[in-house]
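Student: please work out how this folds:
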Amino acid sequence: MSAETDTVYKTVRASVPVVEVVVMEDRARVVRRAEVALAKGLSRVRTEGVAPVASDKTLVGRLAGGGARILESRITREVRTTRELPPEDPAALREKLTEMNLQFRNEGITESLLQSEINELDHAEELAAGDVVFDVAWSRADLGAWRGRFDAIAAKRRALATQLDEVRDAMERIRLEMERLERVAGATGTVTSETVVALECDIEVETPGKHEITFEYTVPAACWRPYHTAELTRGERGARVAFRTEGCVWQNTGEDWNEVRLVFSTERPSLGAEPPRLSSDVIALQPKQEEVVVEARDQAVQTAGLGTTGKKRSSQLPGVDDGGEARVMRARDVATVLSDGRPCRVEIFSFEADAEASYVSIPELAASVILQSVQPNEAEFPLLAGPVDLIRDSGLVGRTSIKFVAPDERFTLGWGPDSELRVRRETETAEEESGLLSSWITSRRTVTVRLSNIGAESRTLKLTERIPVSEIDQVEIEFDKKATTRGATPDADGMLTWDVTLPPFGREKITLGFTVKKKKGVVGI
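Tutor: Reported below is the predicted structural model:
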């Protein structure tokens, strides 16, 4: 644009803040919106403070209503240079630096003294705890005195911690001021540069007044991932799980998103459609082997989840297998996400549901008894795959993960092992050679699981074991019902379950027997 044409436009410097951000897997769509007073004629709206990494080709400018139209929208970048002059009075500046250095040393001494007092309080608390143990051993209980002593120590520690934080803040301020003065003292006309990025929009106005202008553009260096939190409570009426889904956002775009509405999307614009690559399938003849080589492997039981709760939902809601359908979810409240690369968690939705809490044990995988809960997804949205923080009465107890869970679908959560239930698993194998006229080799195997309850309450748990399932005729698996406790029988996948009730300080022994028969030419098992 020529200089003569440029003088026709009346530049309007406006603040167009970020009001909404659509965060995707590896980028974000930023929406800026504001009302700007425009006079009749040609105007150029300019707003600064835009992310330097904003994509120019994704910029879109819009005006709400009539009376004006946009001629062109663009992103401008310019380098502004500043010259830092040397100090006028170097002697006064050096004297001030010396004074501030002395203040910093004095604050450091104060910090050391406060930290020493806090360490002494920690030692005093340990001694107080030892006195409590001593008094209990001699049957001298004084709850009031104990509580008063610990409360006094805690109050003193809080007061010292507050003073320590104030001292450290003062030291940080002094340090920053000293660095600034040192830069000024060493300045000899230093030239510094800064890149200023702005949005510009040329508008032809027919009706003067306030017009709502919207800018949209895409930025990299931003992403989000789903994050969940589950809290289990158990009472007389049963167990309940409070589930909360949050979006964890990271961004380092160069612009802060202050008090914006966040929208979380699972779209992947970076993934394009490509045809599959074809490779040659070479067919060759090989001599037949005299031995049959087999291998034992673990096969996950394929299921489509635990089923739904039976409630009717709209036919537009997807099932468990959604075929990669994109999801869009909005945060409940506005949030501030700074451009520092740190995670920021924003709540999307939450729900509470009745749960079925039970104890389960699979000794082959872990020699422990796990508290498990089964609950439905009562939200209107699916639960995306991601980590889950587990919270119980004692606080945070661990972290697990879930896969995609559709609305109304039931899913399980494991809440960690029970410290009062112990499990020990032993496996015994006895090989038996076949006779001269037989081509089979028999191997008898016995699995023994010993359970014990060291607690003062009765516990009921579900124990799961398995036997191998053969996929070839040269290997046969025979279940030994007589050698198996309580006559349990395996299902089609070879799984056996027992419902075991352990009385206080009780024990239980569960055995499982089966026979593996294989041809003499079979190796590997």
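Student: and M178, what's its pLDDT?
Tutor: On the pLDDT scale, M178 is placed at 89.
Student: please report phi then psi for it.
Tutor: Torsion angles at M178 (phi, psi; degrees, to the nearest 10) stand at phi -60, psi -40.
Student: next one: the one 5 residues further on
Tutor: Dihedral pair for R183: phi -70, psi -40, per degrees, to the nearest 10.
Student: how far away is it from E177?
Tutor: Distance, R183 to E177, using Cβ to Cβ, to the nearest Å: 11 Å. In this view, the C-beta of every residue, glycine as well, is placed from N, C-alpha and C.
Student: more neighbours, the two?
Tutor: E177 (15 against 11; other Cβ atoms under 10 Å).
Student: adjacent strands (with direction) for the helix or strand harbouring R62?
Tutor: For R62, the host element (DSSP states H and E) is strand 60-63. If you go by DSSP bridges, strand 60-63 pairs up with strand 209-219 (antiparallel).
Student: in this structure, what helix or strand scores lowest on average pLDDT?
Tutor: helix 3-6 (a mean of 44; mean pLDDT, DSSP states H and E).
Student: average pLDDT for the next helix or strand after that helix?
Tutor: Downstream of helix 3-6, the first helix or strand assigned by DSSP H and E is strand 10-13. Over the span of strand 10-13, the pLDDT mean works out to 91.
Student: ok, strand 10-13: who's next to it in the sheet?
Tutor: strand 41-48 (parallel).
Student: can you give me the helices in the chain?
Tutor: 3-6, 90-137, 143-185 (DSSP state H).
Student: pick out the shakiest of those helices, pLDDT-wise.
Tutor: Among the helices of the chain, helix 3-6 scores lowest, at a mean of 44.
Student: before we move on, the earlier item: of all the helices of the chain, which lies closest to T460?
Tutor: Comparing the helices of the chain against T460 with Cβ to Cβ, the closest turns out to be helix 90-137 (34.2 Å).
Student: now for the closest one, which elements pack on it?
Tutor: With contacts taken as 3 or more Cβ pairs under 8 Å, 6 or more residues apart in numbering; DSSP states H and E, helix 90-137 sits against helix 143-185.
Student: helix 90-137 and the helix it packs on, what's the angle between them?
Tutor: 160 degrees (axes from the mean of the first three to the mean of the last three Cα atoms, to 10 degrees).
Student: tally of neighbours for V22?
Tutor: Count around V22 with other Cβ under 10 Å applied: 20.
Student: where does this structure dip in pLDDT?
Tutor: Within the chain, the set of residues satisfying pLDDT under 70 comprises 1-7, 83-89, 186-191, 270-274, 289-324, 433-437.
Student: show me the domain layout of it.
Tutor: What automatic domain parsing lists as the domains of the chain is 8-83+192-220, 90-188, 422-523.
Student: identify whichever of these lies nearest to R345.
Tutor: domain 8-83+192-220 (12.5 Å).
Student: first-to-last residue distance for the closest one?
Tutor: End-to-end distance of domain 8-83+192-220 (Cα to Cα, to the nearest Å): 35 Å.
Student: likewise stretch 452-461?
Tutor: Per Cα to Cα, the first residue of stretch 452-461 is 11 Å away from its last.
Student: stretch 13-31 too?
Tutor: 18 Å.
Student: gap between it and the chain center?
Tutor: Centroid separation for stretch 13-31 versus its chain: 23 Å, with Cα atoms, centre = their mean, to the nearest Å.
Student: pull out the buried positions in it.
Tutor: Buried residues in stretch 13-31, defined by neighbour count with 16 or more other Cβ atoms under 10 Å: 14, 16, 18-24, 27-31.
Student: adding distance to V522, write these out as CSV.
Tutor: CSV is the format used below for the buried residues of stretch 13-31 (distance: Cβ to Cβ, whole Å):
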residue, distance to V522
A14, 81
V16, 75
V18, 68
V19, 70
E20, 65
V21, 62
V22, 59
V23, 56
M24, 53
R27, 55
A28, 58
R29, 60
V30, 64
V31, 66
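Student: spatially central residue for this protein, please.
Tutor: Y227 (3.9 Å; Cα atoms, centre = their mean).
Student: now for that one: which residues touch it?
Tutor: For Y227, the contacting residues are 245-248, 345, 386-387, 389, by Cβ atoms under 8 Å, 6 or more residues apart in numbering.
Student: and which of those residues is nearest V260?
Tutor: Nearest to V260 among these, with distances taken as Cβ to Cβ, is G247, at 12.7 Å.
Student: is V21 in a bridge, and if so with what?
Tutor: Applying DSSP bridges, one finds that V21 bridges with V30, L262.
Student: I'd say it and D256 touch.
Tutor: No. Assessed by Cβ atoms under 8 Å, V21 is found out of contact with D256, at 11.1 Å.
Student: now for those two: what residues contact both?
Tutor: V337.
Student: out of everything not next to it in sequence, what's closest to L42?
Tutor: Y9 (4.9 Å; Cβ to Cβ, 6 or more residues apart in numbering).
Student: which residues touch that neighbour?
Tutor: Y9 touches 42-44, 202, counting by Cβ under 8 Å, 6+ apart.
Student: which of the residues you listed has the most neighbours?
Tutor: Of the contacts of Y9, with other Cβ under 10 Å as the count, S43 tops at 22 neighbours.
Student: how close does it sit to E206?
Tutor: 11 Å.
Student: which one of the helices of the chain lies closest to F479?
Tutor: Of those, the one closest to F479 (Cβ to Cβ) turns out to be helix 90-137, at 54.8 Å.
Student: show me the contacts for E20.
Tutor: 31, 33, 260-263.
Student: let's go with 6 Å and repeat that
Tutor: 31, 261 (Cβ atoms under 6 Å, 6 or more residues apart in numbering).
Student: where along the stretch 201-350 of the chain do the strands fall?
Tutor: 209-219, 222-235, 238-251, 257-265, 292-293, 328-330, 335-337, 344-361 (DSSP state E, counting those that start in this stretch).
Student: just the stretch 351-500 of the chain next, same as before
Tutor: Under DSSP E, counting those that start in this stretch, the stretch 351-500 of the chain gives strands at 370-376, 386-392, 395-402, 410-417, 421-432, 440-453, 459-466, 475-480, 495-502.
Student: most tightly packed of the ones you listed?
Tutor: Burial of the strands of the stretch 351-500 of the chain is given as mean neighbour count (mean count of other Cβ atoms under 10 Å); strand 370-376 ranks first at a mean of 20.
Student: give me the buried positions along the strand holding R62.
Tutor: Quick answer for strand 60-63 (16+ other Cβ under 10 Å): 61, 63.
Student: got it, and stretch 196-211?
Tutor: Buried, per 16+ other Cβ under 10 Å, within stretch 196-211: 197, 199-203, 205, 211.
Student: check those and tell me the two furthest apart.
Tutor: So, the buried residues of stretch 196-211 by Cβ to Cβ: farthest apart are V197 and V205, at 25.3 Å.
Student: returning to that earlier point: let me know the closest of the buried residues of stretch 13-31 to P503.
Tutor: Relative to P503, and with distances defined as Cβ to Cβ, the nearest of the buried residues of stretch 13-31 is V23, at 54.0 Å.
Student: burial of T336, as a residue count?
Tutor: 11.
Student: I figured it hits R261, correct?
Tutor: No. The pair T336 / R261 is not scored as a contact, 11.5 Å apart, by Cβ atoms under 6 Å.
Student: of all the helices of the chain, which lies closest to Q372?
Tutor: That would be helix 90-137 among the helices of the chain, by Cβ to Cβ, at 35.8 Å.
Student: contacts only, for the residue nearest to L371 when sequence neighbours are not counted.
Tutor: Excluding its sequence neighbours, the residue lying closest to L371 (Cβ to Cβ, 6+ apart) is W415, at 4.2 Å. By Cβ under 6 Å, 6+ apart, W415 lies in contact with 232, 371, 390.
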